[in-house]
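*Asks:* turn this into a structure:
(2 chains)
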Protein chains: 2
Amino acid sequence: MTLIAESKAMHFVEPLPLRSGAAVHGYDLAYETYGTLNADRSNAVLVCHALNASHHVAGVYPGQDHSEGWWDSMIGPGKPVDTDRFFVIGVNNLGSCFGSTGPMHVNPDTGRVWGADFPVVTVEDWVDAQARLLDRLQVRQLAAVMGGSLGGMQALSWTLQYPDRVRHAAVIASAPNLTAENIAFNEVARRAIVTDPDFHGGHFYEHGVVPRRGLRIARMIGHITYLSDDVMNERFGRQLRDGLDIHYTTQDIEFQIESYLRHQGDKFSEYFDANTYLLITRALDYFDPARRHDGQLSKALAAATANFLLVSFTTDWRFSPRRSREIVKALLDNRRSCTYAEIDAPHGHDAFLLEDPRYLALVRAWFDRIGKEVGR
Amino acid sequence: MTLIAESKAMHFVEPLPLRSGAAVHGYDLAYETYGTLNADRSNAVLVCHALNASHHVAGVYPGQDHSEGWWDSMIGPGKPVDTDRFFVIGVNNLGSCFGSTGPMHVNPDTGRVWGADFPVVTVEDWVDAQARLLDRLQVRQLAAVMGGSLGGMQALSWTLQYPDRVRHAAVIASAPNLTAENIAFNEVARRAIVTDPDFHGGHFYEHGVVPRRGLRIARMIGHITYLSDDVMNERFGRQLRDGLDIHYTTQDIEFQIESYLRHQGDKFSEYFDANTYLLITRALDYFDPARRHDGQLSKALAAATANFLLVSFTTDWRFSPRRSREIVKALLDNRRSCTYAEIDAPHGHDAFLLEDPRYLALVRAWFDRIGKEVGR
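*Replies:* You can find the predicted model right below:
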């Protein structure tokens, strides 16, 4: 059966205090829900998104041929997170550019587009905003929270900020914080955007331009880090765009990988907001639950009471298995229940979005047990 | 004893045919020599440079306090490549920006600065140009050719293009070709430069500007790939620039690693030529001796007769040990003499330029044997 999706929005008048000290009020959150909330409201699953995704997690909009939901392989009727059993919620984070209030919208206090003045939001702020959305949906406790990459950080943060509101947490292809190298890649991408003359200090909307050059570079860098060296070699290797002929050019495309990257950069620059890119990479940089505990993750995770599923992928060099094992270690130090799987997959960080049968079977089994708990 | 360096230039009138089909004539090569050529002219060592280095390999210029030679730890009196025994030659490659003819110079045929019209040069072209320089210096056969990274590719190519002119070859932290990921990083750096509005299609000299934004981004990307994740974590980790205080900013510096990268980018953009960056990264992309042999490196290396030293560094993810082992395998397939060392070093690709005692001792021992061959 086809899952039909409908994009909704919830308006929040009351100010949301942010970790930076600022606050936003009068904001919208775009969200979607799939499946039905059961009578005792115990079968809700919140799905948190990563850098460039949205609340459109799964399903098709009326009239669509195929799903553009970013985790459609994972969520739907009969899928690992079965929407015949669970009430699944996808929400677009504050500061993003897919419907929730963000830099492209008007600041109600000034009447001007926020642009670069949109306040810095953190993973913790997003979780607070998501909790308010759940209040409105009358979901007091989640059966599970789940996410991959930056979404996994939100899932982890849920278990620390609202331990009594989340029974299970799936933290996939994630990390307890960014390494210096992770931050470095984010910073190069941000510099490419900020130094694009069309950025205008983040107020490019008023100039009728978009810092496309910077967004393209940012996306190309990001894309390299999402893939593994192996999968890039397999898919593109040293193939020339023009078969066997070398054209000896420094500015034109010579190798297939160049063509692929430029295409990815072009596409991204058409739809993604530059200020959102800055905000979301900063949320990644700042996330570090151990910071308030002298850098000791075990201390930080003592607050968590959920049952955990941790998944990593062998060729993921952005958030390597070692980073997931740090979380596992800290959970075990606290005698928490934790299932950990390291999936031998060639696709790098992107693997968490792909249809790897062993990975999907694992998540299915884990959610099947949760389904039984909620009598479904 | 202090090694005194002197930058020299050799002018070549005769055209140098290039792999692209073009040719350059009336060009200069900047070079330096250290030590003395022995009577039978058998103790010459050619040192090939990598992306952003020059012919100034070692020593101090008159009046300098300390050496700015890029391999000063390796080359000099009493050093692993001992200039009391060897006649060492450093040469700046054609198309570079440190004295040899390149895009910043005037095309004698048009009277205009070459800019982006400087012909594409390959590793093989550089080796041809180096061979002509050796002719002028009356060095028929090298005791050894050596280089790290892109310099290692030139050393390898020497053994294939001029097997009878090179007795030993040290190929350090190098690879038989670039992977798709290597090419991808080069391409992002090139796009950052080419799409900088100050690039003007490569003819920015005429506009009195320099594409600094692009050069900065290119250098930041490069720098990340030169270092290991481990060494970045050790040196910078998640340290904030302002100690313990987070400022919640998307455009200002928050982490030490950001400050470091911006500084590296700024410095680089002050002295490096944008067109040279394009040319040299392309030379890296194109290098692939196996291409003409159905991708079979063993077939390609059948032409080599030199004795080899291969060195790789465990944390080098740009040119990983696996890539050096491919060369070792291909040499052994051809029953060539080959010494291979994998140095357990934390510094990533940059390790080949650093003072690791085991690494330097190994190179010293290898050159000591060569010194005995030439009666020194």
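*Asks:* pLDDT score for the nearest residue to A:S337 once chain neighbours are set aside?
*Replies:* Once flanking residues are discounted, A:S337 sits nearest to A:N307: 4.2 Å by C-beta to C-beta, 6 or more residues apart in numbering or on different chains. Where you see a C-beta, it was placed from the backbone N, CA and C, and this is true even at glycine. Per-residue pLDDT puts A:N307 at 98.
*Asks:* right, and A:G90 touches A:Y31 too?
*Replies:* Yes. A:G90 lies in contact with A:Y31 (C-beta atoms under 8 Å); the separation is 6.3 Å.
*Asks:* what residues are shared contacts of these two?
*Replies:* A:H55 (C-beta atoms under 8 Å, 6 or more residues apart in numbering or on different chains).
*Asks:* tell me where chain A has strands.
*Replies:* Counting by DSSP state E, chain A has these strands, from start to end: A:8-12, A:16-17, A:23-24, A:27-34, A:44-48, A:75-76, A:81-82, A:87-91, A:142-148, A:166-172, A:307-313, A:338-343.
*Asks:* just checking, what packs against the first one?
*Replies:* The one in question is strand A:8-12. With contacts defined as 3 or more C-beta pairs under 8 Å, 6 or more residues apart in numbering or on different chains; DSSP states H and E, the secondary structure elements packing on strand A:8-12 are strand A:27-34, helix A:123-136.
*Asks:* out of these, which is the most enclosed?
*Replies:* Using mean count of other C-beta atoms under 10 Å in any protein chain shown, the stretch among these with the largest mean neighbour count is strand A:27-34, at a mean of 22.
*Asks:* ok now that one, how far from the chain's centre?
*Replies:* 15 Å (C-alpha atoms, centre = their mean, to the nearest Å).
*Asks:* just the angle for it relative to helix A:123-136, thanks.
*Replies:* In this structure, strand A:27-34 runs at an angle of 70 degrees to helix A:123-136, with axes from the mean of the first three to the mean of the last three C-alpha atoms, to 10 degrees as the basis.
*Asks:* avg pLDDT for strand A:27-34?
*Replies:* Taken as a whole, strand A:27-34 has an average pLDDT of 98.
*Asks:* neighbouring strands for it, and are they parallel or not?
*Replies:* Based on DSSP bridges, the pairing partners of strand A:27-34 within the sheet are strand A:8-12 (antiparallel), strand A:87-91 (antiparallel).
*Asks:* residues making contact with it?
*Replies:* Counting by C-beta under 8 Å, 6+ apart, A:3, A:5-12, A:16, A:54-59, A:75-76, A:83, A:87-92, A:94, A:98-101, A:129, A:133, A:137 sit against strand A:27-34.
*Asks:* now swap in stretch A:193-210 and tell me
*Replies:* When contacts are defined by C-beta under 8 Å, 6+ apart, stretch A:193-210 is touched by residues A:103-104, A:112-113, A:115-117, A:211-215, A:217-218, A:269, A:274-275, A:277-278, B:197, B:213, B:216-217, B:251.
*Asks:* on that earlier part again, dump the strands of chain A into JSON lines; add distance to A:A300 as well.
*Replies:* Output for the strands of chain A, formatted as JSON lines (distance: least, C-beta to C-beta, whole Å):
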{"stretch": "strand A:8-12", "distance to A:A300": "28"}
{"stretch": "strand A:16-17", "distance to A:A300": "21"}
{"stretch": "strand A:23-24", "distance to A:A300": "25"}
{"stretch": "strand A:27-34", "distance to A:A300": "27"}
{"stretch": "strand A:44-48", "distance to A:A300": "19"}
{"stretch": "strand A:75-76", "distance to A:A300": "29"}
{"stretch": "strand A:81-82", "distance to A:A300": "27"}
{"stretch": "strand A:87-91", "distance to A:A300": "24"}
{"stretch": "strand A:142-148", "distance to A:A300": "17"}
{"stretch": "strand A:166-172", "distance to A:A300": "14"}
{"stretch": "strand A:307-313", "distance to A:A300": "14"}
{"stretch": "strand A:338-343", "distance to A:A300": "15"}
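*Asks:* make sure A:L332 is actually in contact with A:C338.
*Replies:* Yes. Using C-beta under 8 Å, A:L332 is in contact with A:C338, at 6.4 Å.
*Asks:* which one of these two has more residues nearby?
*Replies:* Counting neighbours by other C-beta atoms under 10 Å in any protein chain shown for A:L332 and for A:C338 shows that A:C338 has the greater number, 20 against 14.
*Asks:* got a list of what that one touches?
*Replies:* A:C338 is in contact with A:307-310, A:328, A:331-332, counting by C-beta under 8 Å, 6+ apart.
*Asks:* cool, and A:G26?
*Replies:* Neighbouring residues of A:G26 by C-beta under 8 Å, 6+ apart: A:11-13, A:108.
*Asks:* outline the domain layout of chain A.
*Replies:* Domain ranges of chain A: A:7-177+A:289-371, A:182-282, per the TED database.
*Asks:* who in the stretch 101-250 of chain A is up against chain B?
*Replies:* If contacts are counted using C-beta under 8 Å from any C-beta of the partner chain, the residues of the stretch 101-250 of chain A sitting beside chain B are A:116, A:119-120, A:177-181, A:183-185, A:187-188, A:190-192, A:194-197, A:202, A:213, A:216-217, A:220-221, A:224, A:227, A:229, A:232-233, A:235-238, A:246, A:248-250.
*Asks:* pull out the buried members of the contacts of strand A:27-34.
*Replies:* Using 16 or more other C-beta atoms under 10 Å in any protein chain shown as the burial test, the contacts of strand A:27-34 include A:3, A:5, A:12, A:16, A:54-59, A:75-76, A:83, A:87-92, A:94, A:98-101, A:129, A:133, A:137 as buried.
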